[in-house]
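Chemist: Got a sequence here, can you model it:
(2 chains)
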Protein chains: 2
Amino acid sequence: MSRHLTLGPGSEFDAVRDLLARWGPSAIGIGDDGAVLDVPAGSRLVVSTDSTVEEVHFKAAWLTPEEIGWRATTAALSDLAAMGAAPLGVLLALTVPARWRGSLGALAEGIGAAVSAQGAPIVGGDVTDGDRLALAITVLGHSRRPLSRAGARAGDTLYVTGALGGPGSALAAWMSGQVPGAAARARFAHPEARIAAGQWLAAHGATAAIDLSDGLAGDVAHIAHASGVRCLLTLDTVPCMEGVGISEAIVSGEEYELLVAAPAIDVRAFAAAHGGLALTAIGEVRAPAPGDGADVVAEQGGARVTLPRAHDHFAEAR
Amino acid sequence: MSRHLTLGPGSEFDAVRDLLARWGPSAIGIGDDGAVLDVPAGSRLVVSTDSTVEEVHFKAAWLTPEEIGWRATTAALSDLAAMGAAPLGVLLALTVPARWRGSLGALAEGIGAAVSAQGAPIVGGDVTDGDRLALAITVLGHSRRPLSRAGARAGDTLYVTGALGGPGSALAAWMSGQVPGAAARARFAHPEARIAAGQWLAAHGATAAIDLSDGLAGDVAHIAHASGVRCLLTLDTVPCMEGVGISEAIVSGEEYELLVAAPAIDVRAFAAAHGGLALTAIGEVRAPAPGDGADVVAEQGGARVTLPRAHDHFAEAR
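Modeler: Numbering: from 1, shown residues only, chains lettered A, B, ... in the order given. The predicted structure is shown next:
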């Protein structure tokens, strides 16, 4: 049996045929009304949808088409990392304006590279016309015991992977008409989905996890609210990219690093298992004071400080 | 445990909270990075993504927001019908321009009604800003033996559910500045996903199936190409909506009726099991002549006729 069904005639299907030729073994079973997959026995299905829209999440001038494809796909796959799930497949709903048609191949190369890097085959999708380039990407994964934002317990330590601030720093440079430094730009244009790290952390006792998409200050609040706990961040311990200050790092969104709550974890064993990727303790989980409810508090230099508000698409919408 | 995680503060999450309040029990487990679902033991996972974009698939003046939500969701669920699958859940990636914000609640009501009608809970999603309203909807289902476009065999009969032509007739009226008739308009605005019919047909010997989204003339070619067979349509037998001619009915897209290939099926038993829904034999499957390859031929009044080309989004793109 062939990897794909034989598609009928028409320019819409010609475009799909071109995408499939570029993706090669990274796409399987395309051409039917739906894709058929198998979830391993004993595992649960984990699914998430994530959209990347031109002018909302990026400006075309900032990135190559390959980078746009890589970044959108990685942002979606990152949700599987946060759930501690292994990838099963990816579905793409692409809105491609006429002016983007010539870049569709390069965009597809970036998507293909990102799915290949995580062993997540493309199993379906849809291409439509529109005014802005948009990629709505659904990821499917599986896990015997998926992580959630809701499991953090008083006494857990809060850990973060990597070093923060690169994407926010790049964005700030672009927004003020400057050219970002190469390292910061690379973190924005070519993030990594911490899929292997998420599975390792789930297997080593993590109680809750989230990927940093809105920025540490906002995302830690999601864990606090979902788990019904107080999270204490010790800002002096937050790992920042070289040249980025802590106040910039904690509001830097689209990091796709993982924030996890867990009983003590061997951070050296983690780094050894993940090519030197850092795992850093940055705070702790406490029981909420009676009547206090879930919240986040932060300390810097031993003093209590107020965290800034998180990034919010709707608040800044035109 | 509550049905949803407690969401953090922010206007983006306020919008999600409003949607969840409207959906009530039609949405489950929202608020984590991913949703967790279980595929029944022995069943395979079936997934598909389908986009509906303002100005590409509909004009705002034609439909109420409820109808836009119903129709987009039904179009996506229809792919599960074509695979003979039972629904597991739905993920929504909504692009909502500022001018649509006031209609988001009504749009959500239509989405909620469509998922409730099929018992498919909303399990996740994403809301972003954009220039045009767009709904990218991913559907998840399960089946022990999913149908495909590729299984049709020489000797099978071709069947279609319902009566064709309504959506095409409504579209033609709107495009020429007229008001469509109520029945045709209803078929465009409020189609049905033939989920129960798809499962029944799979259980009663169907060898291949597709939902009619491009129009019968185009969709039958997908079965022919995927199955490597010749499909013979007998146009005199194609059921048309009252007032719609056969030439209009066979190019009417977005019907979401099912076209299936199967050995003889008891059409009266089908109708009895589906509230009187018609299942009509409209042709047969033949082996391709040597060297001829897969194709579609049509007869009308005993004479061979040529089928029109199918609807093709990209060919008509601006």
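
Chemist: Can you show me the strands along the stretch 201-318 of chain A?
Modeler: For the stretch 201-318 of chain A, the strands defined by DSSP state E, counting those that start in this stretch occupy A:208-211, A:230-234, A:258-262, A:279-286, A:295-300, A:303-305.

Chemist: mind putting these in TSV, distance to chain B included?
Modeler: To be clear about C-beta, it is placed using only N, CA and C from the backbone, and glycine gets the same treatment. Below are the strands of the stretch 201-318 of chain A laid out as TSV (distance: least, Cβ to the nearest Cβ, whole Å):
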stretch	distance to chain B
strand A:208-211	6
strand A:230-234	11
strand A:258-262	10
strand A:279-286	16
strand A:295-300	9
strand A:303-305	18
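
Chemist: Reformat these as a markdown table; add mean pLDDT and mean neighbour count.
Modeler: A markdown table is the format used below for the strands of the stretch 201-318 of chain A (pLDDT from 0 to 100; neighbours: other Cβ atoms under 10 Å in any protein chain shown):
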| stretch | mean pLDDT | mean neighbour count |
| --- | --- | --- |
| strand A:208-211 | 98 | 28 |
| strand A:230-234 | 97 | 21 |
| strand A:258-262 | 98 | 28 |
| strand A:279-286 | 98 | 20 |
| strand A:295-300 | 95 | 17 |
| strand A:303-305 | 94 | 10 |
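
Chemist: In CSV, list these along with distance to residue A:272.
Modeler: Formatted as CSV, those follow (distance: least, Cβ to Cβ, whole Å):
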stretch, distance to residue A:272
strand A:208-211, 20
strand A:230-234, 25
strand A:258-262, 17
strand A:279-286, 11
strand A:295-300, 30
strand A:303-305, 34
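
Chemist: Tell me which of these lies nearest to residue B:61.
Modeler: Nearest of these to residue B:61, taken as Cβ to Cβ: strand A:208-211 at 40.4 Å.

Chemist: who's in contact with the closest one?
Modeler: A:78-79, A:81-84, A:147-152, A:156, A:194, A:198, A:201-202, A:219, A:222-223, A:226-227, A:255-261, B:33 (Cβ atoms under 8 Å, 6 or more residues apart in numbering or on different chains).

Chemist: Over to stretch A:261-270?
Modeler: So stretch A:261-270 is contacted by A:151-153, A:155-159, A:197, A:200-201, A:204-209, A:223, A:227, A:231, A:277-281, A:285 (Cβ under 8 Å, 6+ apart).

Chemist: Just the buried subset of these, please.
Modeler: A:151-153, A:156-159, A:197, A:200-201, A:204, A:206-209, A:223, A:227, A:231, A:277, A:279-280, A:285 (16 or more other Cβ atoms under 10 Å in any protein chain shown).

Chemist: Extract the residue ranges of chain A that are flagged as low pLDDT.
Modeler: A:1-12, A:309-318 (pLDDT under 70).

Chemist: what residues go with each domain of chain A?
Modeler: A:11-143, A:157-306 (automatic domain parsing).

Chemist: ranking those by burial, who's on top?
Modeler: domain A:11-143 (a mean of 22; mean count of other Cβ atoms under 10 Å in any protein chain shown).

Chemist: how about the helices in the stretch 101-250 of chain A?
Modeler: Using DSSP state H, counting those that start in this stretch, the helices of the stretch 101-250 of chain A run over residues A:104-118, A:166-175, A:182-189, A:195-203, A:216-227, A:246-249.

Chemist: What is the first one packed up against?
Modeler: With contacts taken as 3 or more Cβ pairs under 8 Å, 6 or more residues apart in numbering or on different chains; DSSP states H and E, helix A:104-118 sits against helix A:11-23, helix A:65-82, strand A:86-95, strand A:122-128.

Chemist: ditto for the last one
Modeler: Packing contacts for helix A:246-249, counted by 3+ Cβ pairs under 8 Å, 6+ apart, involve helix A:166-175.

Chemist: if we look at the helix it packs on, which residues are touching it?
Modeler: Outside helix A:166-175, the residues that reach it (Cβ under 8 Å, 6+ apart) are A:59, A:62, A:179-181, A:183-189, A:191, A:215, A:241, A:243-244, A:248-249, A:251-255.

Chemist: and the stretch 101-250 of chain A, which of its residues are near chain B?
Modeler: For the stretch 101-250 of chain A, the residues in contact with chain B (Cβ under 8 Å from any Cβ of the partner chain) are A:123-132, A:134, A:136, A:138-141, A:146, A:148-150, A:209-211, A:218, A:221-222, A:224-226, A:228.

Chemist: So residue A:105 sits against residue A:15, correct?
Modeler: No: if you go by Cβ atoms under 8 Å, residue A:105 and residue A:15 don't touch, sitting 9.8 Å apart.

Chemist: rewinding a little: would CSV of the domains of chain A with distance to residue B:42 be doable?
Modeler: Below are the domains of chain A laid out as CSV (distance: least, Cβ to Cβ, whole Å):
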stretch, distance to residue B:42
domain A:11-143, 10
domain A:157-306, 26
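
Chemist: Quick one, which of those domains gets closest to residue B:54.
Modeler: Nearest of the domains of chain A (Cβ to Cβ): domain A:11-143, 8.6 Å.

Chemist: Isn't residue A:298 up against residue A:233?
Modeler: Yes: taking contacts as Cβ under 8 Å, residue A:298 lies within contact range of residue A:233: 4.4 Å.

Chemist: which neighbours do these two share?
Modeler: residue A:307.

Chemist: thinking again about what came up before, I'd like the helices of the stretch 101-250 of chain A laid out as a markdown table, including distance to residue B:110.
Modeler: Shown next, in a markdown table, are these (distance: least, Cβ to Cβ, whole Å):
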| stretch | distance to residue B:110 |
| --- | --- |
| helix A:104-118 | 31 |
| helix A:166-175 | 36 |
| helix A:182-189 | 37 |
| helix A:195-203 | 36 |
| helix A:216-227 | 29 |
| helix A:246-249 | 42 |
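
Chemist: before we move on, the earlier item: nearest approach to residue B:94 belongs to which of the domains of chain A?
Modeler: Comparing those by Cβ to Cβ, domain A:11-143 comes nearest, at 8.3 Å.

Chemist: Report the distance from the closest one to the chain centre.
Modeler: Domain A:11-143 sits 13 Å away from the centroid of its parent chain (Cα atoms, centre = their mean, to the nearest Å).

Chemist: Stretch A:292-312 now?
Modeler: 23 Å.

Chemist: again, but for stretch A:132-148
Modeler: Distance, centroid of stretch A:132-148 to centroid of chain: 9 Å (Cα atoms, centre = their mean).

Chemist: and the end-to-end length of it?
Modeler: End-to-end distance of stretch A:132-148 (Cα to Cα, to the nearest Å): 33 Å.

Chemist: do stretch A:93-111 as well
Modeler: 12 Å.

Chemist: returning to that earlier point: residue A:47: which of the strands of the stretch 201-318 of chain A is closest?
Modeler: strand A:208-211 (15.1 Å).

Chemist: What strands line up against the closest one, and which way round?
Modeler: Partners of strand A:208-211 in the sheet, by DSSP bridges, are strand A:258-262 (antiparallel).

Chemist: The strand it pairs with versus strand A:230-234: what angle between them?
Modeler: Orientation of strand A:258-262 against strand A:230-234 (axes from the mean of the first three to the mean of the last three Cα atoms, to 10 degrees) gives an angle of 120 degrees.

Chemist: so how far is strand A:258-262 from its chain's centroid?
Modeler: For strand A:258-262, the distance to the chain centre is 14 Å (Cα atoms, centre = their mean).

Chemist: tilt between it and helix A:65-82?
Modeler: 10 degrees.

Chemist: Put the alpha carbons of strand A:258-262 into PDB.
Modeler: The C-alpha trace of strand A:258-262 is given here as PDB (Å, rounded to 0.1, in the frame of the first residue of the first chain):
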ATOM      1  CA  LEU A 258       9.100  24.100  30.600                       C
ATOM      2  CA  LEU A 259       8.100  25.300  34.100                       C
ATOM      3  CA  VAL A 260       7.500  22.300  36.300                       C
ATOM      4  CA  ALA A 261       6.700  21.600  39.900                       C
ATOM      5  CA  ALA A 262       8.300  18.500  41.400                       C
END
